[in-house]
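Q: Whatever this is, show me its structure:
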Amino acid sequence: MPDSAPPSRLLRSRWTRPVLLVLILAAAAGSAAFWDPRTVIGAVPTLWRAPAFVLLFALGTLAFLPKPALSVAAGVLFGARWGAPVAVLGTTLGAAIAFGLGRGLGQRALRPLLRGRALGALDRQLTEQGFRTVLVLRLVPGVPFQAVNLGAAVCGVRLGPYLAGTALGVLPATAAYAVAGASAGTPGSPAFLLSTAVILVLGALSLAVLWRDRRSRRRAAAA
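A: Below is the predicted model:
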């Protein structure tokens with residue numbers, strides 16, 4: 001009779017769940033090539049299009065679709081008045097799904113790896129000042145959306161502060177992209193010009209953050 005111990009140990013391994021998490025994220029990313037958001041929304045009755053797009057937006061972030069493009073699509077479909085709230089809700093729901101997956105499948109195996117000085121400090125910040133830290137990470141341009149989702153899930157931040165910090169932190173950029181999408185047909189309008197200016201400022205801030213990080217790494221390497 002074959003020995004069943006190795007499969008049993010494999011199922012109990014702390015790395016089984018992280019591997020499953022990677023497979024789920026990979027499957028979500030791969031699925032993006034097989035569906036078109038416009039086709040999906042077009043098949044939904046008008047009354048349910050906003051809730052359907054919120055869910056579609058959330059799944060799109062899980063599939064690593066560019067969040068700015070999804071926010072622009074929200075503005076095109078629902079206008080400036082409703083596009084921004086729909087995009088913020090979709091972003092927050094996507095963050096919640098990613099957080100749940102990371103907390104349920106990755107925390108047990110990955111939390112012991114938070115031993116370095118920088119990682120340990122971030123863990124303490126997220127645990128003790130969850131809302132404030134998540135808010136800052138969402139506001140800072142250039143910080144990868146999914147990296148914050150999964151990093152917060154592994155650390156000790158609670159769900160409530162995490163979601164509140166996410167919703168407020170993504171609001172400026174998300175609203176700017178949604179308004180730009182809604183007013184793209186009138187490029188000379190104040191709404192389009194203002195939203196474009198906000199996007200350019202955020203882009204400049206992203207470059208500044210990346211440049212500062214690169215300079216800090218060079219100094220650390222030289223030291």
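
Q: Can you pull up the most central residue in the chain?
A: Phe145 (3.2 Å; C-alpha atoms, centre = their mean).

Q: show me what contacts that one?
A: By C-beta atoms under 8 Å, 6 or more residues apart in numbering, the contact set of Phe145 is Thr61, Lys67, Thr91, Ala95. C-betas here are computed from N, CA, C, even on glycine.

Q: in what helix or strand does the first one lie?
A: Assigned by DSSP states H and E, Thr61 belongs to helix 49-62.

Q: Give the next helix or strand downstream of that helix.
A: In N-to-C order, the element after helix 49-62 by DSSP H and E is helix 67-105.

Q: which parts of that following helix are buried?
A: For helix 67-105, the buried set under the neighbour-count rule, 16 or more other C-beta atoms under 10 Å, comprises 67-68, 70-80, 82-99, 101-103, 105.

Q: Could I get the contacting residues of the residue lying closest to Asn149 once chain neighbours are set aside?
A: In this structure, Asn149 finds its nearest non-sequential neighbour in Ala98, 3.7 Å apart by C-beta to C-beta, 6 or more residues apart in numbering. Ala98 sits next to Thr61, Leu62, Gln146, Asn149, Leu150, Ala153 when contact means C-beta under 8 Å, 6+ apart.

Q: between these, which has the most around it?
A: Within these, neighbour counts (other C-beta atoms under 10 Å) peak at Ala153, which reaches 25 neighbours.

Q: Distance of that one relative to Val134?
A: From Ala153 across to Val134, the span is 11 Å (C-beta to C-beta, to the nearest Å).

Q: again with Phe57
A: Counting by C-beta to C-beta, the gap from Phe57 to Val134 is 19 Å.

Q: Then Thr46?
A: 35 Å.

Q: what's the average pLDDT for the helix or strand Ala121 falls within?
A: Here Ala121 is covered by helix 117-128, with elements defined by DSSP H and E. Mean pLDDT, computed over helix 117-128, is 71.

Q: what sits against Ile41?
A: Here Ile41 is in contact with Arg49, Ala52, Phe53, Leu56, Leu77 (C-beta under 8 Å, 6+ apart).

Q: closest to Gly185 among those residues?
A: Ranked by distance to Gly185 (C-beta to C-beta), the contacts of Ile41 are led by Leu77 at 13.1 Å.

Q: Touching, Val157 and Val134? I think so.
A: Yes - at 6.6 Å, Val157 counts as touching Val134 under the criterion of C-beta atoms under 8 Å.

Q: overlap in contacts of these two?
A: With C-beta under 8 Å, 6+ apart as the test, Val157 and Val134 both reach Leu126.

Q: Among those two, which residue is more densely surrounded?
A: Remark: of Val157 and Val134, Val134 carries more neighbours, 27 against 24, as counted by other C-beta under 10 Å.

Q: and the more buried one, what pLDDT?
A: So, for Val134, pLDDT stands at 91.
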